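Trainee: build the 3D model from these lines:
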Amino acid sequence: MADFVGAVDQGTTSTRFMIFDHGGNEVAKHQLEHEQILPNPGWVEHNPTEIWERTRAVIETAMGKANLEASDLAALGITNQRETTVVWNRRTGRPYYNAIVWQDTRTDRIASALDRDGRGDVIRKKAGLPPATYFSGGKIQWILENVDGVREAAEAGDAIFGNTDTWLLWNLTGGVDGGVHVTDPTNASRTMLMNLETLDWDDELLSFFQIPRQMLPRIRPSSNPDFYGMTRAHGPIGGEIPLSGDLGDQQAATVGQVCFDAGEAKNTYGTGNFLLLNTGTELVRSKNGLLTTVCYQFGDQQPVYALEGSIAVTGSAVQWLRDQLGIISGASESESLARQVEDNGGVYFVPAFSGLFAPYWRSDARGAIVGLSRYNTNAHLARATLESICYQTRDVVEAMRQDSGVALDVLRVDGGITANRLCMELQADILGVPVSKPVVAETTALGAAYAAGLAVGFWNSTDELRQNWNEDERWEPRWSEEQREKGYAGWKKAVSRTLDWVDVD
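Mentor: Numbers count the residues shown, from 1 in each chain. Down below sits the predicted model:
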């Protein structure tokens with residue numbers, strides 16, 4: 001048996017390849033950023049060809065760093081930024097248009113129209129999602145309606161769709177030379193097109209967006225003992241190994257955090273924040289602005305579901321301080337700057353750059369900094385930015401408690417911002433529960449590796465995976481209840497100031 005499992009983690013700002021051993025320890029990794037294309041206000045695009053090239057490069061470099069060959073890997077898994085939509089020609093391999101990213105809001109008219117005539121309620125019931133710019137269905141419809149020749153090609157069977165997992169799986173298994181067109185239920189459940197109960201594309205939902213069914217990939221289990229396909233010898237791995245794991249990034253992090261029991265939750269801090277609560281094999285339909293989604297499906301077992309709170313802008317708010325305002329030179333500097341002050345000085349920053357996601361779902365909202373006086377400095381703004389990450393998380397935790405009746409005992413956290421110790425201190429203070437970070441913080445890639453390794457017997461059970469999880473650091477809450485509630489009341493007041501800013505038809 002080979003000694004390692006590889007995982008491609010294709011994210012919003014970068015792509016990385018990581019290699020793990022049987023203990024879930026990192027053996028090697030390489031990471032490259034890709035361009036953020038912003039052609040109009042509210043539009044966010046990526047170049048799919050660049051993402052594939054970056055994927056090739058990070059695989060080759062990480063394998064070289066570790067001095068490994070294809071035969072050293074038992075399997076390969078993929079995890080990806082969900083909802084980001086690619087439409088390409090299966091004969092030429094060329095995308096018809098840039099990937100439309102999950103943050104993109106150009107489809108707001110499509111989403112609003114769905115809610116006006118009752119179709120939105122059907123989407124909520126069948127797909128577990130509210131009609132929103134976030135999801136893939138409206139993005140596919142936009143491409144079909146606005147890019148010349150795509151609808152005709154789709155009806156002829158030449159134009160095909162995938163989130164970035166499908167795009168990479170297709171390329172890794174040969175592309176135009178026999179590449180497989182597949183996805184898994186976690187990604188399919190983010191399109192507004194899949195029925196959560198049947199785990200199949202739903203003809204009524206497809207009709208709402210006028211999407212030809214033949215555009216869509218086959219849906220296969222997240223951990224697939226039959227494999228999606230094999231890598232090609234001439235590809236970046238340099239040999240044939242099973243591609244056997246596929247999970248959307250937030251579900252992958254849930255698996256990486258070994259949240260296999262109903263009631264266990266994790267929060268991933270990336271470009272956005274994503275809090276998932278495992279609800280077991282039960283479909284819990286949210287009444288408080290959360291998403292019902294597939295958490296994972298392992299082999300022929302029943303799917304496991306989750307409630308999810310998706311927050312659009314968290315880590316990218318820190319990037320905004322760096323790139324647009326220029327008040328920090330690197331993300332780590334946000335902590336040292338914010339520590340210069342004892343509190344936020346009355347300043348709240350609601351980073352609703354692309355509207356508000358869970359639990360509000362308001363595409364008419366836009367970002368606002370409120371409570372400013374002459375007293376305030378860039379340090380107060382840096383602290384308010386970190387607090388905004390934590391307050392948005394509290395909004396979601398409150399909604400989850402109302403939906404599920406589960407009060408969190410501890411929040412497991414992962415992702416880049418967990419390196420910011422002040423942000424994690426604030427998270428514990430604002431939630432009033434301990435915050436726990438694992439030794440392996442790259443849980444997204446680890447979850448994809450776990451799904452792939454389980455499929456081929458590299459790991460035998462989820463119990464074996466639990467033994468790999470170890471706590472690295474824990475933050476306990478220090479604020480008084482009065483301080484916590486006063487701060488949260490100020491946050492809610494600030495959120496109210498962001499609403500009704502953009503007129504949505």
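
Trainee: and for the closest residue in space to S363 that isn't next to it in sequence, the neighbour number?
Mentor: Nearest residue to S363, sequence neighbours excluded (CB to CB, 6 or more residues apart in numbering): G355, at 4.0 Å. In short, each C-beta sits where N, CA and C put it, glycine included. Per other CB atoms under 10 Å, the neighbour tally for G355 reads 27.

Trainee: wait, G355 touches A312, no?
Mentor: Yes. Between G355 and A312 there is a contact at 7.0 Å, judged by CB atoms under 8 Å.

Trainee: what segments of the stretch 201-350 of the chain are helices?
Mentor: 203-209, 249-256, 315-320, 333-338 (DSSP state H, counting those that start in this stretch).

Trainee: and those helices, which is most packed in?
Mentor: helix 249-256 (a mean of 32; mean count of other CB atoms under 10 Å).

Trainee: could you pull up the mean pLDDT of it?
Mentor: Per-residue pLDDT over helix 249-256 has a mean of 95.

Trainee: which residues are contacting stretch 413-427?
Mentor: The contact list for stretch 413-427 (CB atoms under 8 Å, 6 or more residues apart in numbering) reads 253, 256-257, 266-270, 314-315, 318, 331-332, 334-335, 338-339, 386-387, 389-390, 393, 411, 435-438, 441-444, 473, 475, 478.

Trainee: quick revisit: what bridges to the residue nearest to S363?
Mentor: Under DSSP bridges, the beta-bridge partners of G355 are F353.

Trainee: contacting residues around it?
Mentor: 105, 108, 133, 312, 362-366, 502.

Trainee: quickly note the distance from it to G367.
Mentor: For G355, the distance to G367 equals 10 Å [CB to CB, to the nearest Å].

Trainee: repeat for A338
Mentor: 18 Å.

Trainee: CA atoms only: put stretch 189-198 into PDB for me.
Mentor: Taking C-alpha atoms only, stretch 189-198 is exported to PDB below (Å, rounded to 0.1, in the frame of the first residue of the first chain):
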ATOM      1  CA  SER A 189     -26.400  20.700  -3.500                       C
ATOM      2  CA  ARG A 190     -25.000  24.300  -4.000                       C
ATOM      3  CA  THR A 191     -26.600  24.800  -7.400                       C
ATOM      4  CA  MET A 192     -30.400  25.300  -6.700                       C
ATOM      5  CA  LEU A 193     -30.800  22.400  -9.200                       C
ATOM      6  CA  MET A 194     -30.400  19.200  -7.000                       C
ATOM      7  CA  ASN A 195     -33.200  17.600  -5.000                       C
ATOM      8  CA  LEU A 196     -31.900  17.000  -1.500                       C
ATOM      9  CA  GLU A 197     -34.000  13.900  -1.000                       C
ATOM     10  CA  THR A 198     -33.200  12.100  -4.300                       C
END
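
Trainee: list the buried residues for that stretch?
Mentor: For stretch 189-198, the neighbour count (16 or more other CB atoms under 10 Å) marks 189-196 as buried.

Trainee: in strands, which of the contacts of G355 appear?
Mentor: Within the contacts of G355, no residue falls in strands by DSSP state E.

Trainee: just give me the closest of the residues you listed to I430.
Mentor: Nearest to I430 among those, counting by CB to CB, is A312 at 18.7 Å.

Trainee: now do the phi/psi pair for that closest one.
Mentor: Dihedral pair for A312: phi -70, psi -40, per degrees, to the nearest 10.

Trainee: double-check it against Q103; I have them as touching.
Mentor: Yes. Counting by CB under 8 Å, A312 does reach Q103; the two are 6.2 Å apart.

Trainee: ok, then the element right after the host helix or strand of E398?
Mentor: Assessed by DSSP states H and E, E398 sits inside helix 378-404. From helix 378-404 onward toward the C-terminus, using DSSP H and E, the following helix or strand is strand 411-415.

Trainee: got the CA coordinates for that next one in PDB?
Mentor: Output of strand 411-415 as PDB, limited to C-alpha atoms (Å, rounded to 0.1, in the frame of the first residue of the first chain):
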ATOM      1  CA  LEU A 411     -16.600  25.800  18.400                       C
ATOM      2  CA  ARG A 412     -14.000  24.000  16.400                       C
ATOM      3  CA  VAL A 413     -12.200  26.400  14.100                       C
ATOM      4  CA  ASP A 414      -9.900  26.200  11.100                       C
ATOM      5  CA  GLY A 415      -8.600  28.300   8.200                       C
END
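
Trainee: roughly how far is that strand from the heart of the chain?
Mentor: 14 Å (CA atoms, centre = their mean, to the nearest Å).

Trainee: what angle do it and helix 249-256 make?
Mentor: 120 degrees (axes from the mean of the first three to the mean of the last three CA atoms, to 10 degrees).

Trainee: can you list the buried residues in the helix or strand following strand 411-415?
Mentor: Once strand 411-415 ends, the next helix or strand along the chain (criterion: DSSP H and E) is helix 421-431. Across helix 421-431, burial judged by 16+ other CB under 10 Å covers 422-431.

Trainee: which one of those residues sits closest to I143?
Mentor: Nearest member of the buried residues of helix 421-431 to I143, counting by CB to CB, is C423, at 36.9 Å.
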